[in-house]
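In: have a look; sequence and predicted model below, questions after that.
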Amino acid sequence: MRKIGAAGMLALLLAGAALAAPAKQAEVHWPAVRSAVPRDPKIEARIDSILRRMSIEEKVGQIVQADIAFVTPEDVRKYKLGSILAGGNSAPHGDNKAPAADWLKQADDFWNASQAADWKGEKIPLIYGIDAVHGHANIVGATIFPQNIGLGATRDPELIRRIGEVTAKEMVATGFDWDFSPTLAVVRDDRWGRIYEGFSENPSIVRSYAGKMVEGLQGVPGTKNFLGAGHVIATAKHFVGDGGTAGGKDQGDNQSSAAQLRDIHGAGYPPAIAAGVQSVMASFSSVRGEKVHGDKALLTGALKQDMRFDGLIVGDWNAHGQVNGCSNTSCPQSINAGLDMFMAPDSWKGLYENTLKQVQSGEIPMSRLDDAVRRILRVKLRAHMFDKGAPSARPYAGKFELLGSPEHRAVAREAVRKSLVLLKNARQLLPLSPKMNVLVAGDGADNIAKQSGGWTISWQGTGLTNADFPHAQSIWGGINEAVNAAGGKATLSADGSYSAKPDVAIVVFGEDPYAEFVGDRPRSLEFSPADKKDLELLRKLKAAGIPVVSIFLSGRPMWVNPELNASDAFVAAFLPGSEGGGISDVLFRKPDGSIHYDFHGKLSYSWPKRADQTPLNVGDKGYDPLFAFGYGLKNGQKGDLPQLSQERPKGGGLPEGVLFGRGAVPQGWSMAFEPAIGGQIKGVDRRAQEDSRQITWNGSGPATVAIRANPPLDLSRETTGQLSLVVDYRVDSPPTAPVTIAMASTRVPIGGVLRAAPVGQWQTLTVPLGCFATSGDEMKALTTPLAITTAGQLKLTISDVRVLSATVPQDQCGAP
Ligand code: BGC
Ligand code: BGC
């Protein structure tokens, strides 16, 4: 437990007393921080002079950031936008796998557009940002570091600094100025889909890493290196409380007291600001019911006044639209609360126009706009943006050999080695001799996407094959290399089948990639509750008398008691990234029998004993984890575990995102014909008894089968996040008239698809949510999240209806 001193006590008392009052700023004070980057009078004078010559339009343009999927260089020229970003799914000509040269070319095109604008005064270059959150992993061929959860386990702040340096260089090679990293979330609930982006549940680790990552990315203040060649602007995010929302809900509500918010969730900000971080991203989440994007006490009070942050506060992806009274295209509240730049990916134009009007009417004071622009210019000047020239003209630009270079990959491999946490080692099975006959099994063994997790090439890290990772090694690849070099024999067999009985089996399995809210697991921490194939594989191998080593890939601690019981050794590898070889480095001895690298990693998150054991954090009252914060065996330590309880959690219900599954709609919802005389619905079997519905339209007139949601369903976030509606269906007799499917006002024709589908065979229909609405707002309160309509006859069976991240061509909005 953290000791609370007298000042802390007072703060807590004040917090309690002030709960009802909106003035959070008065509740506690945040530390006064001295940034290592002093105010430079020359820069300030230059800002004064630029500001004096700017028109209102030019000023408003500076505070708007658009996403490259929704903005053109011509738009940038015309609106003089201050910044652009490449979101997780955004890429040159819409191709996530575009070559590095295309990224650089695109950066040039946008930069040139900012310089071609007819500025009244000085030409202001734009800055280009991206989420290089575990290396520059959006770009094919880049070095991919372990996700932050793994870095937390290394307990090595100096390594974090080197990772920042490598990441920055690879970014500059492809034309970027600005990284939306590091994430300083102190994650207190393992159900959160972004847990792996956080270094730890413990503020002390986040505190010790924050400044180091900033220094690695930006360079060391006071040296000529600072924001110089090969460096980028860093972002401390998401201010504040992102890792502490109730139930671990993404973008949810943090109910901590003001003092807890500062001392736990805010722990990383003072060191990041001290190290000179130039931008801070506001959080999507709320604090005690109020969205941070509209919270003046936090943005202006805590960050700018108390902590004396003089860089820029950027918003998150349309997060301003969630502030009370705001929409994606209008939110004076955010700017007035202290936000300096809107992240308005697709909404930038409407937002620009409305913001301009709000400045003209005085709703946004000119002084506030000037301050926002001043901060943006300050950051641009400190980053030498006015002198750097086009992205391709800068040092390291176009040096694509830096992407995944041997030196960079060596840093990543070191990080992998240091991040592995050994949880079980019965009879000291590890380290293994490399001279054995080794079976390598599991669907994660030769799967670089799975070992990398979300924010890898695509937003969700899905839709990828090993061919998309030219400078990377799978875990199998590393094992094969080590074993071959020592004269042993390794065999890859994903399903674990073998002809000659192996000496040992290494099984690599775990979570499939996810990002943000898609990864929320509100119901339980049980690993793979619906599919026990990995467990069966472990048990089969063990039953055959083969020693089993489990390598568990996951973005979070999970309830894996049955898997632990079925393994002789168990390694939590988290999401190691491109360097699978870092795992074999530690698993195997050298050919001469000596130790190569010992296990080093220590849990940065507590590991649960029960699937419902969350929140679970070191220092809690009655703290009773399976493996405590800081746990991690070394070679030579006794690593046997007793048989663990395998009792599964009670309850269940449908997983998040399912509209119809296992024969049911979510509790309180319904599925029915409207009007009732339009046809019938009957339960039929697909994989289980009555897990599907056969729907017969009798052709008596327009009739709809509707799923009704109660309370209404909010899919706005999923829509802007480019998720899809996915329906498993079987045409039993083809339609005789047009058929549509709808969620909101727009009906998507699917008659053509149904007519083309082979009768009697299960198919999958995938429709991007964006096809159902012209804006995310329209998907905010869906009362009928599914409506299938036809006036003709049709016999259609459906089994699973869900919303998920499935890759489909953008133009696929059905065919009549
Ligand atoms: C995430 C941020 C990210 C931004 C841009 C948001 O949805 O919350 O962490 O920087 O998108 O991709
Ligand atoms: C973007 C991400 C963003 C997410 C938010 C995705 O389409 O690519 O960068 O964080 O949407 O919804």
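Out: Looks like it arrived, so ask away. Ligands and ions are numbered 1, 2, ... in the order given.
In: the closest residue to ligand 1 within the stretch 251-400 of the chain sits in which helix or strand?
Out: Residue nearest to ligand 1 within the stretch 251-400 of the chain: residue 317 (3.7 Å; CB to the nearest ligand atom). For glycine as for every other residue, the C-beta is placed from the backbone atoms N, C-alpha and C. If you go by DSSP states H and E, residue 317 is not part of any helix or strand.
In: tally of neighbours for the closest residue to it other than its chain neighbours?
Out: Excluding the flanking residues, the one nearest residue 317 by CB to CB, 6 or more residues apart in numbering is residue 343, at 5.5 Å. As a burial measure, residue 343 scores 25 neighbours (other CB atoms under 10 Å).
In: what's the distance between residue 343 and residue 310?
Out: Going from residue 343 to residue 310 by CB to CB, to the nearest Å gives 20 Å.
In: one more: residue 723?
Out: Distance, residue 723 to residue 310, using CB to CB: 38 Å.
In: neighbour count winner among the two?
Out: residue 723 (22 against 17).
In: in contact with the more buried one, which residues?
Out: The contact partners of residue 723, taken as CB atoms under 8 Å, 6 or more residues apart in numbering, are 518, 715, 768-769, 803-806.
In: and for residue 215?
Out: Residues near residue 215 by CB under 8 Å, 6+ apart: 161, 164, 275-276.
In: can you tell me which of the residues you listed has the most neighbours?
Out: residue 164 (27 neighbours).
In: what number of residues are in the vicinity of residue 122?
Out: Look at residue 122: counted by other CB under 10 Å, it has 15 neighbours.
In: quick one: secondary structure of it?
Out: Look at residue 122: counting by DSSP: H, G, I helix; E, B strand; the rest coil, its state is coil.
In: would you agree residue 749 is in contact with residue 740?
Out: Yes - with contacts counted by CB atoms under 8 Å, residue 749 reaches residue 740, the gap being 5.5 Å.
In: what kind of secondary structure is residue 412 in?
Out: Residue 412 - assigned by three-state DSSP - is helix.
In: just the pLDDT at it, thanks.
Out: According to the prediction, residue 412 has pLDDT 99.
In: okay, the residue nearest to it when sequence neighbours are not counted: pLDDT?
Out: With CB to CB, 6+ apart as the criterion, residue 412 has its nearest non-adjacent residue at 4.6 Å, and that residue is residue 579. With respect to pLDDT, residue 579 scores 98.
In: test my guess that residue 579 contacts residue 409.
Out: Yes - Residue 579 is within contact range of residue 409, at 6.0 Å (criterion: CB under 8 Å).
In: of the two, which one has the most company?
Out: residue 579 (31 against 23).
In: report whether residue 423 is found in a strand, as I expect.
Out: Yes - counting by three-state DSSP, residue 423 falls inside a strand.
In: on the pLDDT front, check it for me.
Out: pLDDT, residue 423: 98.
In: tell me who's in contact with it.
Out: 564, 570-572, 607, 627, 631-633.
In: can I assume residue 366 is in contact with residue 359?
Out: Yes - applying CB under 8 Å, one finds residue 366 in contact with residue 359, separated by 6.6 Å.
In: of those two, give the one with the bigger neighbour count.
Out: Ranked by neighbour count (other CB under 10 Å), residue 366 and residue 359 place residue 359 first, with 21 against 12.
In: the more buried one: what's it in contact with?
Out: By CB under 8 Å, 6+ apart, the contact list for residue 359 reads 56, 59-60, 366, 369.
In: neighbours of the closest residue to ligand 2 within the stretch 51-200 of the chain, how many?
Out: Nearest residue of the stretch 51-200 of the chain to ligand 2 (CB to the nearest ligand atom) works out as residue 87 at 2.9 Å. Neighbours of residue 87 under the rule other CB under 10 Å: 23.
In: distance of it relative to ligand 1?
Out: 4 Å (CB to the nearest ligand atom, to the nearest Å).
In: am I right that residue 671 sits in a helix?
Out: No - looking at residue 671 with three-state DSSP, it is strand, so not inside a helix.
In: and the pLDDT for it?
Out: 94.
In: again, but for residue 399
Out: pLDDT for residue 399: 98.
In: for the closest residue to it other than its chain neighbours, what are its contacts?
Out: Nearest residue to residue 399, sequence neighbours excluded (CB to CB, 6+ apart): residue 173, at 5.1 Å. Residue 173 sits next to 100, 104, 396-400, 402-403 when contact means CB under 8 Å, 6+ apart.
In: could those residues be laid out in TSV, adding distance to ligand 2 and secondary structure?
Out: Converted to TSV, those look like this (distance: CB to the nearest ligand atom, whole Å; DSSP: H, G, I helix; E, B strand; the rest coil):
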residue	distance to ligand 2	secondary structure
100	19	helix
104	20	helix
396	25	coil
397	24	coil
398	25	coil
399	26	coil
400	23	helix
402	24	helix
403	21	coil
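In: so residue 657 touches residue 805, yeah?
Out: No - in this structure residue 657 lies outside contact range of residue 805 using CB under 8 Å: 9.6 Å.
In: in the sheet, which strands lie alongside the longest strand seen in the chain, parallel or antiparallel?
Out: Counting residues, the longest strand found in the chain (DSSP state E) is strand 793-804. Note on strand 793-804: by DSSP bridges, its sheet partners are strand 658-660 (antiparallel), strand 692-698 (antiparallel), strand 724-733 (antiparallel).
In: what sits up against the helix or strand following the second one?
Out: With elements assigned by DSSP H and E, the helix or strand that comes after strand 692-698 is strand 703-708. Contacts made with strand 703-708 from outside it, assessed by CB under 8 Å, 6+ apart, are listed as 659-660, 665, 669-675, 677-679, 681, 695, 697, 783-791, 801.
In: check this protein and tell me which residue is nearest its centre.
Out: Central residue of the chain (CA atoms, centre = their mean): residue 515, 3.6 Å from the mean position.
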